[in-house]
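S.K.: After the sequence you'll find the predicted model.
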Amino acid sequence: MADSAARFVPQTNSLAKLQAAAADCQGCDLYRRATQTVFGQGRAKAPLILIGETPGDAEDRAGRPFLGPAGRLLDEALADAGIDRADCYVTNAVKHFKWTPRGKKRLHSKPSSREILACRPWLEAELAILAPQLIVCLGATASQALLGRAFRITKSRGEVATSDSSGWVLATYHPSAVLRAPRPADRHRMRSELVDDLKTACRWLATHVGQANRAMKNQST
């Protein structure tokens, strides 16, 4: 299949093997200018998965997701919401950095719908292995990848919805969108709303995971 990572994705239940295979992905042209594949990172079988858009410059160089200013803001927001990032799995909808030059800098460029679709087999493989209770989509790209192109964060941010392919999903701002907000008041508001949405995710998990555990306990007695 042209422009698809599908032929590079192995049949495996191992995240380590999946990550190793992703290092050689040439499913779209983004690999040509990226330093490396930036695969997901975090706790296996984590109840909560955070999905962003695409690696940035710092992530591309280091090979890990959510570093730099956006990563620091995400860490702060998670801490404020009472969530330990070490208990989560963090990944991106697109695994290679897309950029345009500006002098000596490499500026992030939004991936196209074709590039998002080409990379989707990696995300689907991650989700199949991890089987999370809840997915938090950070930003429009990740949200539309799972909930459809008609989804709008401005209308449904912070709401837990169900996806036919991915289970339960909550969409919120991408940390980089908070940082790019033009006015300090907007940045403050968006950061507060991001934390509130993560708190919603935390409460949802506490309720639903607790219910599932009680049901399993009752079945075993």
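M.R.: Nice, I can see it. Numbering: from 1, shown residues only.
S.K.: which stretches of the protein form strands?
M.R.: 41-42, 48-52, 88-92, 99-102, 105-108, 134-138, 160-163, 167-172 (DSSP state E).
S.K.: Check which residues of the lowest-mean-pLDDT helix or strand in the chain are buried.
M.R.: Sorting the helices and strands of the chain by mean pLDDT, DSSP states H and E puts helix 184-220 at the bottom, at a mean of 80. Across helix 184-220, burial judged by 16 or more other CB atoms under 10 Å covers 187, 190-191, 193-202, 204-205. Where C-beta positions appear, they are placed from N, C-alpha and C, glycine not excepted.
S.K.: That helix packs against which elements?
M.R.: In terms of contacts (3 or more CB pairs under 8 Å, 6 or more residues apart in numbering; DSSP states H and E), helix 184-220 is packed against helix 68-80, strand 134-138, strand 160-163, strand 167-172, helix 175-180.
S.K.: Ala46 and Ala16: what is the separation?
M.R.: 15 Å (CB to CB, to the nearest Å).
S.K.: Number of residues surrounding the residue nearest to Leu74 when sequence neighbours are not counted?
M.R.: Excluding its sequence neighbours, the residue lying closest to Leu74 (CB to CB, 6 or more residues apart in numbering) is Pro175, at 4.7 Å. Per other CB atoms under 10 Å, the neighbour tally for Pro175 reads 25.
S.K.: Am I right that Pro175 is in contact with Glu193?
M.R.: No - the pair Pro175 / Glu193 is not scored as a contact, 12.0 Å apart, by CB atoms under 8 Å.
S.K.: in this protein, which segments are predicted with low confidence?
M.R.: 1-2, 210-221 (pLDDT under 70).
S.K.: Show me the residue at the heart of it, geometrically.
M.R.: Centroid-nearest residue in the chain, with CA atoms, centre = their mean: Ile51, separated by 0.8 Å.
S.K.: Can you name the residues bridging to it?
M.R.: Thr91, Cys137 (DSSP bridges).
S.K.: Please render the helices and strands packed on helix 184-220 as TSV that adds distance to Leu147 to the earlier fields.
M.R.: Shown next, in TSV, are the helices and strands packed on helix 184-220 (distance: least, CB to CB, whole Å):
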stretch	distance to Leu147
helix 68-80	20
strand 134-138	7
strand 160-163	6
strand 167-172	6
helix 175-180	17
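S.K.: who wins for proximity to Thr154 among these?
M.R.: Thr154 sits nearest to strand 167-172 of all these, at 10.3 Å, using CB to CB.
S.K.: Mean neighbour count, the helices and strands packed on helix 184-220: which tops it?
M.R.: strand 134-138 (a mean of 26; mean count of other CB atoms under 10 Å).
S.K.: which residues sit in contact with the nearest residue to Gly158 once chain neighbours are set aside?
M.R.: Of all residues not flanking Gly158 in the chain, Asp197 sits nearest, at 4.3 Å (CB to CB, 6+ apart). Asp197 is in contact with Val136, Arg157, Gly158, Leu170, Thr172, Tyr173, counting by CB atoms under 8 Å, 6 or more residues apart in numbering.
S.K.: how close does Asp197 get to Leu123?
M.R.: Asp197 is 21 Å from Leu123, where distance means CB to CB.
S.K.: swap in Trp99?
M.R.: Trp99 is 20 Å from Leu123, by CB to CB.
S.K.: ditto for Leu147
M.R.: 13 Å.
S.K.: Then Ala150?
M.R.: Distance from Ala150 to Leu123, by CB to CB: 19 Å.
S.K.: Next: Ala77.
M.R.: 22 Å.
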